[in-house]
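# Please work out how this folds:
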Amino acid sequence: MTPDELLKYQHPLTDTLNKIMSDARYVEGIKYGVPRKGHPEGSVGKHIADLLANLDKMWEGGWLSGDEFWKLTILIHVHDIMKYAAKPDSAINDPQSHASLAAKFLSEFSDDKDLINMVQAHDENLALWQRFKLKGSYPEERLKERVLDKIKDIELLLLFQIIDSSTPGKTDMKVMPRWFVDEVNKHNIYTPRVYSVLELFGL
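Numbering: from 1, shown residues only. Coordinates of the predicted model:
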């Protein structure tokens, strides 16, 4: 579903998305990026298009409610939109990281703290997995403090991370989404639907 098609649907978040997409920073942000490792598609706008196609696949499979569809749409459009303004190679919690700037950007359009926290934490799965690959372990307190204690709808975050990981440039990270879901579920979190969606995407 294209952005223009999305905006034809009436939902409380339709107006939020319209305002986001009309903002000059969004217009600038979607142009940013060139083909590179992990993102052969190049621009943030093309990355968004890939993720919207993944969202459609999830929706058409009957795995989402209408509210979840729209929240995921907002996450897709916002999560990388401030890469053009971010400090290169900054840590996720650095105020000038693309995640922090994107979370701040979303806060101007929405008071949904959970969605804002998801934007801030959207790359924590990748960061922890990279640490695990390098050292054979990762700081579990970081998972707890930055994800489990911050986000109420963990399932929605995991669904977004599957959408974000299922792109042509990330085939070398196929094991990462399931690994992270497994780590989250070790904390007495029950997400059978997420495992079904992993299967949907061959992960």
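# and Ser110, what is it in contact with?
16, 74, 116 (Cβ atoms under 8 Å, 6 or more residues apart in numbering). All C-beta atoms are positioned from the backbone trio N, CA, C, and that covers glycine.
# Same question for it, what's its three-state structure.
Reduced to three states with DSSP: H, G, I helix; E, B strand; the rest coil, the structure at Ser110 is coil.
# hmm, back to that, what's the ChimeraX line that selects buried ones from the contacts of Ser110?
A single ChimeraX command selects the buried members of these (16 or more other Cβ atoms under 10 Å):
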select :16,74,116
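# Show me which of the contacts of Ser110 is closest to Glu183.
Taking Cβ to Cβ as the measure, Ile116 is the one of the contacts of Ser110 closest to Glu183, at 22.9 Å.
# Spell out the secondary structure type for that closest one.
Using three-state DSSP, the structure places Ile116 in helix.
# Packing partners of the strand or helix carrying Ile20?
For Ile20, the element it lies in under DSSP states H and E is helix 12-22. Judged by 3 or more Cβ pairs under 8 Å, 6 or more residues apart in numbering; DSSP states H and E, the packing partners of helix 12-22 are helix 3-6, helix 66-78.
# those helices in the protein, which residues are they?
Counting by DSSP state H, the chain has helices at residues 3-6, 12-22, 24-29, 44-60, 66-78, 98-107, 113-121, 124-135, 140-143, 154-165, 176-185, 192-200.
# Show me what counts as buried in the fourth one.
Spelled out, that is helix 44-60. If you call a residue buried by 16+ other Cβ under 10 Å, then helix 44-60 has these buried ones: 44-48, 50-52, 54-55, 58-59.
# circling back to that earlier point, the helices of the chain: which one's closest to Asp89?
Nearest to Asp89, of all those, is helix 98-107, at 10.7 Å by Cβ to Cβ.
# Please export the C-alpha coordinates of that closest one as CSV.
Taking Å, rounded to 0.1, in the frame of the first residue of the first chain, the C-alpha atoms of helix 98-107 are listed here in CSV:
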residue,chain,number,x,y,z
HIS,A,98,19.0,8.7,14.7
ALA,A,99,16.8,6.8,17.1
SER,A,100,16.8,9.6,19.7
LEU,A,101,16.1,12.3,17.1
ALA,A,102,13.3,10.2,15.6
ALA,A,103,11.7,9.6,19.0
LYS,A,104,11.9,13.3,19.7
PHE,A,105,10.4,14.0,16.2
LEU,A,106,7.5,11.6,16.9
SER,A,107,6.8,13.2,20.2
